[in-house]
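# build me a model from this:
(chains A and B)
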Amino acid sequence: MSTKSPSLVMLRRNFKHIARNPTSVFNAVLMPVVLMLMFVYVFGDAFDVGVDYVDYVTPGLMLLAVCYGLGATATAVNSDMTKGIINRFKVMDVSRGAVLTGHVVASVLTNLIAIAALVGVAFLLGFNPAAGLLDWLGVIGVVVLLGFAAGWLTVALGLAAKSPETAGIAAVPLVMLPFFSSAIVPAEKMGPGIRQFAEYQPFTPVIETVRGLLDSAPSSGDAIAAVAWCVGIALVGYLWARSTFTKRA
Amino acid sequence: MTSPAISVSGLRKAYGDKVVLDGIDFEVAAGSVFSLLGPNGAGKTTTVNVLTTLLKADGGTVRVAGHDIATEARAVRAAIGVTGQFAAVDELLSGQENLQLMVDLHRVGSGQGGRVVAELLERFDLVESARKLVSTYSGGMRRKLDLAMTLVGNPRIIFLDEPTTGLDPRSRRTMWEIVRGLVADGVTVFLTTQYLEEADQLADRVAVLDQGRLVAQGTPDDLKRQVPGTHVRLRFATVSELDAAARLFTGSTRDDEALALRVPSDGGTKSLRALLDRLDEHSLGAEEFSVHTPDLDDVFLALTGHATEATR
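I've put the predicted structure just below:
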């Protein structure tokens, strides 16, 4: 094949990295599953959410799974920047964005693997969504969109960080954010202040959209807010990443 | 090919208030080796980064392979290969995979690509470790792999930024052989180094960079003619002793800051005894006595009037 696109070449490189550093995948795949077991078996009965808790929490944990993959992405992007190899790519006649696109796509694909594992476990625990095929496609669409948006923002964070360690830490707020949304418990059960934050932060409409789709009763208001947030985050992340990438020689 | 491979005129670059390159001019003939010689912090890497489109110049014009670096950066990138100071290799891939990555990015056809990888592994003596992860490679092996990666796509102009800094003498010689092989293939090489010997071994022309200016240009022989030969360095305790000794030895060079005097000598026991006897006759005693053979420090002292340490 003489016409491999540079982005595909970079993507393959990222996958080799991930395969050789399995702890990051382990973290991205295993942590959400562990959280699921913990929330469903340990805390689940304590939360009164009106429906079977596993049905309530699965959409939230799907988004948490997206976020858990981000730390590894930020670290990987930053090691690329701090380890000279980026300069090699920059002085070659290849598209400069390919390195970054490779990271974002690898991040989204890792997300999908983590979510597939999570949903598999959820079914074993009695997850019983009403969603039909179209609803599932919608769920995948929303998850990919969020992964893509968060991926670009994470790539930007990774580029801006001074070292791989700080890059990993920079992604922590993104990992924490879902906890302060309607992922684990409904926003109206939270204390004042946090409740308002949870209602208006980007993850809540995204989670509610997924929840609606899985109930086969999607709400268009949530969906529009979710898509708008994702597009906005992706755009900010993309522009920030591009400008940082150009500046750091 | 009559047009130069690289031509630089009035190149300037500053970081904030700090001027790194203060208007430098030079030309590199196609198929030759040009060496930019200078101590740490002289601006060598900045020059390489500007010439290879990694950094934007603040002033002046630079043409590489006939293309303007400011307006035709992509054409420049397509013509050059760069091996930076720190090995730009992917540690989580094997040597072979690193080369394959370059082959894929250069869009070499798959049949040909496999051959290119095999040939480079062979040429750089990396066949045995081809399947090992680069994180297990030694410094010398990384440099070799780095250079091999640069050669994928057959660039006609190659930039090597301090290719042997930190290498043991044996790896250094291997690297020199590789560079000579490139030149034999008609490749133009732009090389930066801190070592006078390296420039002497490899370069057709040498330019000496000091504090952002080129202080000398010419063939290695031209430069060596400007450098004092073997000499004795005497360090005194007081300025008056230095004064007295400087009057005593005609043709000596004094360094007032270090209270030191450089006296030309052949380094033989006879002339050394004579020198010490003369000091004795005039009741002068040096705090420190050493014999020097010429090195980069001497080139700098001769060309700039200050030693390399003072340039940082």
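# pLDDT wise, what is A:Ala156 at?
Residue-level confidence at A:Ala156 comes out at 92, pLDDT.
# how close does it get to chain B?
Using Cβ to the nearest Cβ, to the nearest Å, A:Ala156 is found at 21 Å from chain B. No exception for glycine: its C-beta is placed from N, CA and C like everyone else's.
# sketch out the low-pLDDT regions of chain A for me.
Low-confidence segments of chain A (pLDDT under 70): A:1-3, A:44-45, A:248-249.
# give me the element the residue nearest the centre of it is part of.
Nearest to the mean C-alpha position of chain A, counting by Cα atoms, centre = their mean, stands A:Val66 at 2.6 Å. Using DSSP states H and E, A:Val66 sits in helix A:53-68.
# for whatever helix or strand comes next after that helix, packing partners?
Next along the chain after helix A:53-68, taking DSSP H and E as the criterion, comes helix A:70-82. Using 3 or more Cβ pairs under 8 Å, 6 or more residues apart in numbering or on different chains; DSSP states H and E as the contact test, the elements touching helix A:70-82 are helix A:6-20, helix A:22-37, helix A:97-124, helix A:133-160, helix A:164-170, helix A:172-176.
# any residues touching helix A:70-82, and which ones?
Where contact means Cβ atoms under 8 Å, 6 or more residues apart in numbering or on different chains, the residues beyond helix A:70-82 that reach it are A:14, A:17-18, A:24-25, A:27-28, A:86, A:99-100, A:103-104, A:106-107, A:110, A:150-151, A:154-155, A:157-159, A:161, A:163-164, A:166-168, A:170-172, A:174-175, A:248.
# which among the residues you listed count as buried?
A:14, A:17-18, A:24-25, A:28, A:86, A:99-100, A:103-104, A:106-107, A:110, A:150-151, A:154-155, A:157-159, A:161, A:164, A:167-168, A:170-171, A:174-175 (16 or more other Cβ atoms under 10 Å in any protein chain shown).
# isn't A:Asp135 right up against A:Ala223?
No - look at A:Asp135 against A:Ala223 with Cβ atoms under 8 Å: they stay out of range, at 11.7 Å.
# once you drop chain neighbours, what's closest to B:Arg123?
The shortest distance from B:Arg123 to any non-neighbouring residue, by Cβ to Cβ, 6 or more residues apart in numbering or on different chains, is to B:Ala148 (7.3 Å).
# ugh, wrong one, A:Val185
Leaving aside its sequence neighbours, A:Val185 sits nearest to A:Phe47 (Cβ to Cβ, 6+ apart; 5.4 Å).
# for B:Gly23, grab phi and psi.
phi 80, psi 80 (degrees, to the nearest 10).
# what about it, how many neighbours?
15 (other Cβ atoms under 10 Å in any protein chain shown).
# also B:Leu133?
The burial count for B:Leu133: 16, using other Cβ under 10 Å.
# I'd say it and A:Arg20 touch.
Yes - using Cβ under 8 Å, B:Leu133 makes contact with A:Arg20 at a distance of 7.4 Å.
# anything in contact with each of those two?
Common neighbours of B:Leu133 and A:Arg20 (Cβ under 8 Å, 6+ apart) are B:Leu92.
# what's in contact with the helix or strand hosting B:Glu177?
Following DSSP H and E, one finds B:Glu177 within helix B:169-184. By Cβ under 8 Å, 6+ apart, the residues outside helix B:169-184 that reach it are B:31-33, B:124-125, B:139-140, B:143-144, B:147, B:151, B:158, B:160, B:163-164, B:167, B:189, B:191, B:198, B:201-202.
# mind listing what's buried in the strand or helix carrying B:Met149?
Following DSSP H and E, one finds B:Met149 within helix B:139-151. Neighbour-count burial for helix B:139-151, counted by 16+ other Cβ under 10 Å, picks out B:Gly140, B:Met141, B:Arg142, B:Arg143, B:Lys144, B:Leu145, B:Asp146, B:Leu147, B:Ala148, B:Met149, B:Thr150, B:Leu151.
# against which helices or strands is that helix packed?
The contact analysis (3+ Cβ pairs under 8 Å, 6+ apart) places helix B:139-151 against strand B:80-83, helix B:95-105, helix B:110-123, strand B:157-161, helix B:169-184.
# show me which residues of chain B sit near chain A.
B:49, B:52-55, B:74, B:77-78, B:80, B:82, B:84, B:86-93, B:97, B:101, B:104-110, B:133, B:149 (Cβ under 8 Å from any Cβ of the partner chain).
# OK, contacts around A:Trp240?
A:Leu153, A:Ala156, A:Ala160.
# what number of residues lie near the first one?
Applying other Cβ under 10 Å, we find 24 residues neighbouring A:Leu153.
# excluding its backbone neighbours, what's nearest it?
A:Gly237 (3.5 Å).
# repeat for A:Ala130
A:Ser216 (4.3 Å).
# that neighbour belongs to a helix?
No - judged by DSSP: H, G, I helix; E, B strand; the rest coil, A:Ser216 forms no part of a helix; its state is coil.
# so it makes contact with A:Gly132?
Yes - counting by Cβ under 8 Å, A:Ser216 does reach A:Gly132; the two are 6.0 Å apart.
# any idea how far the residue nearest to B:Arg123 lies from B:Gln226?
37 Å (Cβ to Cβ, to the nearest Å).
# in chain B, which residue is most central in space?
B:Thr193 (1.3 Å).
# low-confidence stretches in chain B?
Looking at chain B by pLDDT under 70, you get B:1-2, B:110, B:227-228, B:294-298, B:300, B:304-312.
# now with 80, please.
Low-confidence segments of chain B (pLDDT under 80): B:1-2, B:86-87, B:108-111, B:221-230, B:266-267, B:292-312.
# if we can go back for a sec, looking at A:Ser216 and A:Gly132, which one has more neighbours?
Neighbour comparison, A:Ser216 and A:Gly132: the larger count goes to A:Ser216, with 14 against 11 (by other Cβ under 10 Å).
# give the buried subset of the contacts of helix B:169-184 as a PyMOL selection command.
Typed into PyMOL, the line below selects the buried ones among those, using 16+ other Cβ under 10 Å:
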select buried, chain B and resi 31+32+33+124+140+143+144+147+151+158+160+163+164+167+189+191+198+201+202
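# centre of the chain to stretch B:255-264, how far?
27 Å (Cα atoms, centre = their mean, to the nearest Å).
# cool, and stretch B:263-275?
The answer for stretch B:263-275 is 32 Å, by Cα atoms, centre = their mean.
# would you mark the buried spots in that stretch?
Within stretch B:263-275, judged by 16+ other Cβ under 10 Å, the buried ones are B:Val263, B:Ser265, B:Leu275.
# what's near enough to touch the first one?
Taking Cβ under 8 Å, 6+ apart as the contact definition, B:Val263 lies against B:His231, B:Val232, B:Arg233, B:Leu234, B:Phe249, B:Gly251, B:Ser252, B:Leu275.
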